[in-house]
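Enquirer: Give me coordinates for this.
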Amino acid sequence: MSEEYRSGFVALIGRPNAGKSTLLNQVLGQKIAIMSDKAQTTRNKIQAVHTEKNGQIIFVDTPGIHKPKHQLGDFMVKTALDSLAEVDLILFFIDASEPFGRGEQFILDALQSVNTPVFLIMNKIDKIHPDRVLERIDEYRHYHSFAEIFPISALQNQNVEPLVTSIYSYLPEGPQYYPEDQITDHPERFIMGELIREKVLWHTRDEIPHSIAVIIDDVKERENRKTYVQATIVVERDSQKGIIIGRKGSMLKTIGEKARKDIHVLLGTDVYLELWVKVQKDWRNKGRFLQEQGYTDKE
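Expert: Okay, the predicted model is just below:
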């Protein structure tokens, strides 16, 4: 008799920049969640699918929890907290190199009303001394009754495989929700937009805050197996538009070149990427624009 098939939904929750997206990309072996050293990189719940012979994990990567400063922030925090009631297991991420703060306390308070098992994922242990790892584990035991505590380095792929094995052991018997070759439920256009946004965040560093959105205007595949992608980068101020375009268009060219390579990997075809930059003042507080970009909890 074959081993039982286990499947279920697993929420990743934590403060911004705790490494949730890094773990997702490491487990899947392919980039679907964008990464940046800036807070609030993830805006939507990203469903990532990991399939093995005897099971399937559907990861729900939530936006990092933070104090909202605009309608977009309100949406992000509500999305993160709502996901806790919809899953079979919760992975609570902390940055092991950072001290316990109000952000962690806010999440732990939210977890008090949840009956779902919670793993504490103590990420970035490569940044601290091994003795300090044990101290931090002992510290967090007092805050919550965690089902498991996993010290890991998602970036270095340290202790990630045992974590995945343990996740499967906590999932119920269930069906295969997605085909085995599918790794996300997001359409390709969404991922293209995220890949472009990631490159803006990386290359503009501290000059551009998270006041950017990316709209995929058009995608056409031609007979020569080349995919033509047109996209608009939306910013809130004229000064930000100048920074993204750069001197004689140099920054926009760099962003385009880097994003095109990732989109090529995603689509498996040659890619021609055309980027535009548009100013939409205070877009993060404009409900209609947020709904058009998918930042809404309405079906």
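
Enquirer: Could you use CA atoms for every contact and neighbour count after this?
Expert: OK.

Enquirer: How about stretch 255-262, which residues are buried there?
Expert: Taking 16 or more other CA atoms under 10 Å as the neighbour-count basis, stretch 255-262 is seen to contain the buried residues 255-256, 258-260, 262.

Enquirer: could those residues go into a markdown table alongside pLDDT and distance to residue 246?
Expert: Shown next, in a markdown table, are the buried residues of stretch 255-262 (pLDDT from 0 to 100; distance: CA to CA, whole Å):
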| residue | pLDDT | distance to residue 246 |
| --- | --- | --- |
| 255 | 90 | 10 |
| 256 | 91 | 12 |
| 258 | 89 | 15 |
| 259 | 88 | 16 |
| 260 | 89 | 18 |
| 262 | 83 | 21 |
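
Enquirer: Need those residues in TSV (columns: distance to residue 156 and secondary structure).
Expert: Converted to TSV, those look like this (distance: CA to CA, whole Å; DSSP: H, G, I helix; E, B strand; the rest coil):
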residue	distance to residue 156	secondary structure
255	26	helix
256	28	helix
258	23	helix
259	24	helix
260	26	helix
262	21	helix
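
Enquirer: Those residues: which two are farthest apart?
Expert: Comparing all pairs in those by CA to CA, the longest separation belongs to 255 and 262, at 11.1 Å.

Enquirer: Report how many residues lie close to the nearest residue to residue 281 once chain neighbours are set aside.
Expert: Nearest residue to residue 281 in three dimensions, chain neighbours excluded: residue 236, at 4.3 Å (CA to CA, 6 or more residues apart in numbering). Counted with other CA atoms under 10 Å, the burial measure for residue 236 works out to 18 neighbours.

Enquirer: And the helices in the stretch 51-200 of the chain?
Expert: Counting by DSSP state H, counting those that start in this stretch, the stretch 51-200 of the chain forms helices over residues 71-82, 102-111, 130-141, 160-170, 188-204, given from the N-terminal end onward.

Enquirer: Among these, which comes closest to residue 25?
Expert: Put simply, out of those the one that sits nearest residue 25 is helix 160-170, at 11.4 Å, with distance taken as CA to CA.

Enquirer: From the chain's centroid, how far away is the closest one?
Expert: The gap between where helix 160-170 is centred and where its chain is centred comes out at 20 Å by CA atoms, centre = their mean, to the nearest Å.

Enquirer: Run through the neighbouring helices and strands of that helix.
Expert: Applying 3 or more CA pairs under 8 Å, 6 or more residues apart in numbering; DSSP states H and E, we find helix 160-170 packed against strand 6-14, strand 55-61.

Enquirer: let's see it at 10 Å
Expert: With contacts defined as 3 or more CA pairs under 10 Å, 6 or more residues apart in numbering; DSSP states H and E, helix 160-170 has these neighbours: strand 6-14, helix 20-28, strand 55-61, strand 89-95, strand 118-123, strand 148-151.

Enquirer: okay, those in TSV with mean neighbour count next?
Expert: Output for the helices and strands packed on helix 160-170, formatted as TSV (neighbours: other CA atoms under 10 Å):
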stretch	mean neighbour count
strand 6-14	25
helix 20-28	21
strand 55-61	24
strand 89-95	24
strand 118-123	24
strand 148-151	18
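
Enquirer: Any idea which of the ones you listed gets closest to residue 169?
Expert: Proximity to residue 169 (CA to CA) singles out strand 6-14 among these, at 7.9 Å.

Enquirer: What mean pLDDT does the closest one get?
Expert: This predicted structure assigns strand 6-14 an average pLDDT of 90.

Enquirer: Now do it against helix 102-111: the angle between them, please.
Expert: For strand 6-14 against helix 102-111, the angle between stretch directions is 140 degrees (axes from the mean of the first three to the mean of the last three CA atoms, to 10 degrees).
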